[in-house]
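1. Make a model of this:
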Amino acid sequence: MKNDEFDEVIDKALREKPDYFLQANFADRLTQRWEARTSRKNDLVEYVSILATVVLVLVIPGIVFYLINEDFVLTLKTMMSLHGSQILSLFFVLNFVLFADRVLLPWLFFRFRNQSEKPKTDLQ
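-> Predicted structure coming up:
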C-alpha cells in the first residue's frame, strides 16, 4: 500500500462506528486484574525469599557446628531422630503460618476489598 491508500484506510476506520463497545469500568477492571497478578507474584517471591533465608540461617550454623564439634551435631541428630514428628509438626505449622501471613491473607484481603468496591453501573 502506498501512503495515500494507507491514510484513506485509517481515515475510514476512524470515521466508522465500532462494532463493539467497552464497558464503562473496563479500565478499572483491567487495572485490578493487573494489580492482583503482580501482588500475588510479589507475595510468592517474598515468601520464598524468607523461607530460603531461614533455611540458610539454619544450615550454615549447622555446617559450622559440624566442623567445629562433630559430637554435638551427632547428639543433636540423635535428639532430632527421637523427636522427629514433633519437630516436623512445628516446622509445618510455622511454615503454614508464614505462608498464610505472606501469601494467603494479602490475597484474600485484596479479593474481598475488590468485591466490596465494585462500581455501580447505570443499569443497577
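2. Give me the neighbour count for residue 37.
-> 10 (other Cβ atoms under 10 Å). In short, each C-beta sits where N, CA and C put it, glycine included.
3. for the host helix or strand of residue 74, packing partners?
-> In the assignment (DSSP states H and E), residue 74 maps to helix 70-82. Judged by 3 or more Cβ pairs under 8 Å, 6 or more residues apart in numbering; DSSP states H and E, helix 70-82 is in contact with helix 26-68.
4. what distance separates the helix it packs on from the centre of its chain?
-> For helix 26-68, the separation from the chain centroid amounts to 9 Å (computed by Cα atoms, centre = their mean, to the nearest Å).
5. Flag every buried residue along stretch 103-115.
-> 103, 106, 110 (16 or more other Cβ atoms under 10 Å).
6. shouldn't the second one be in contact with residue 36?
-> Read it as residue 106. No - proximity of residue 106 to residue 36 does not meet the contact threshold set by Cβ atoms under 8 Å, at 10.3 Å.
7. re the thing from before, of the buried residues of stretch 103-115, which belong to helices?
-> 106, 110 (DSSP state H).
8. which of the buried residues of stretch 103-115 lies closest to residue 11?
-> residue 110 (44.0 Å; Cβ to Cβ).
9. What separation is there between the closest one and residue 35?
-> 8 Å (Cβ to Cβ, to the nearest Å).
10. before we move on, what about residue 85?
-> 42 Å.
11. same thing with residue 113?
-> Distance, residue 113 to residue 35, using Cβ to Cβ: 11 Å.
12. where's residue 88 relative to residue 99, distance?
-> 16 Å.
13. quick revisit: quick one: which of residue 85 and residue 35 has more around it?
-> residue 35 (12 against 8).
14. Roughly how far does the more buried one sit from residue 29?
-> In terms of Cβ to Cβ, residue 35 sits 11 Å off from residue 29.
15. Show the average pLDDT along the helix holding residue 74.
-> Mean per-residue pLDDT for helix 70-82: 86.
16. what's the next secondary structure element after that helix?
-> Next along from helix 70-82, by DSSP H and E: helix 84-99.
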